[in-house]
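Trainee: sequence unknown, structure follows:
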């Protein structure tokens, strides 16, 4: 891909705005459409675009497989940890009321934490899926197309 200069430049320009939009979707998901799933996919799109343009091996240098697996586990732990924290505070699993000084702020904090866990998990899973498909050896050569 070294000869595709325009693709490389456009990817470098778009990388940060894609991440910024993903953060916007993440933190405004409780006020409108969006949230953890959409933000996780958008966040992964930036890195998948990087891998498509600059190569899978360079993306794997940035995010090795072991790191992707730990990111997935961290997101699940954030999600489950929020439910366990509410259990330890005497409420039901994923009942956010005790997470704040009043039920409304508890609900707000709980939703933000849960959506963060979902976003991190979805980001990791999407990158892992990309690694799984892009890392396969081709069945036919490019000249045989």
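Mentor: All right, it came through fine. Not measured: the values here are computed from a predicted model.

Trainee: ranges for the helices of the chain?
Mentor: Counting by DSSP state H, the chain has helices at residues 5-27, 36-54, 56-62, 65-88, 103-134.

Trainee: ok, the most centrally placed residue in the chain to residue 106 distance?
Mentor: The chain has residue 123 as the residue nearest its centroid, 2.1 Å off, counting by C-alpha atoms, centre = their mean. Remark: distance between residue 123 and residue 106 (C-beta to C-beta, to the nearest Å) = 26 Å. To be clear about C-beta, it is placed using only N, CA and C from the backbone, and glycine gets the same treatment.

Trainee: on that earlier part again, looking at the helices of the chain, which is buried most?
Mentor: Sort these by mean neighbour count, taking mean count of other C-beta atoms under 10 Å, and helix 36-54 sits at the top with a mean of 20.

Trainee: for that helix, give me every contacting residue.
Mentor: The set of residues external to helix 36-54 that reach it, using C-beta atoms under 8 Å, 6 or more residues apart in numbering, is 1, 4, 7-8, 11, 14-15, 18-19, 21-23, 25-26, 29, 58-59, 62-63, 114-123, 125-127, 130, 134.

Trainee: dump the helices of the chain into TSV; add mean pLDDT and distance to residue 143 as well.
Mentor: Formatted as TSV, those follow (pLDDT from 0 to 100; distance: least, C-beta to C-beta, whole Å):
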stretch	mean pLDDT	distance to residue 143
helix 5-27	93	22
helix 36-54	94	21
helix 56-62	93	21
helix 65-88	95	31
helix 103-134	92	20
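
Trainee: okay if I get those helices as a markdown table plus distance to residue 96?
Mentor: Formatted as a markdown table, the helices of the chain follow (distance: least, C-beta to C-beta, whole Å):
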| stretch | distance to residue 96 |
| --- | --- |
| helix 5-27 | 17 |
| helix 36-54 | 15 |
| helix 56-62 | 35 |
| helix 65-88 | 6 |
| helix 103-134 | 3 |
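
Trainee: wait, which of those is closest to residue 97?
Mentor: Comparing these by their distance to residue 97 (C-beta to C-beta), the top pick is helix 103-134, with 4.3 Å.
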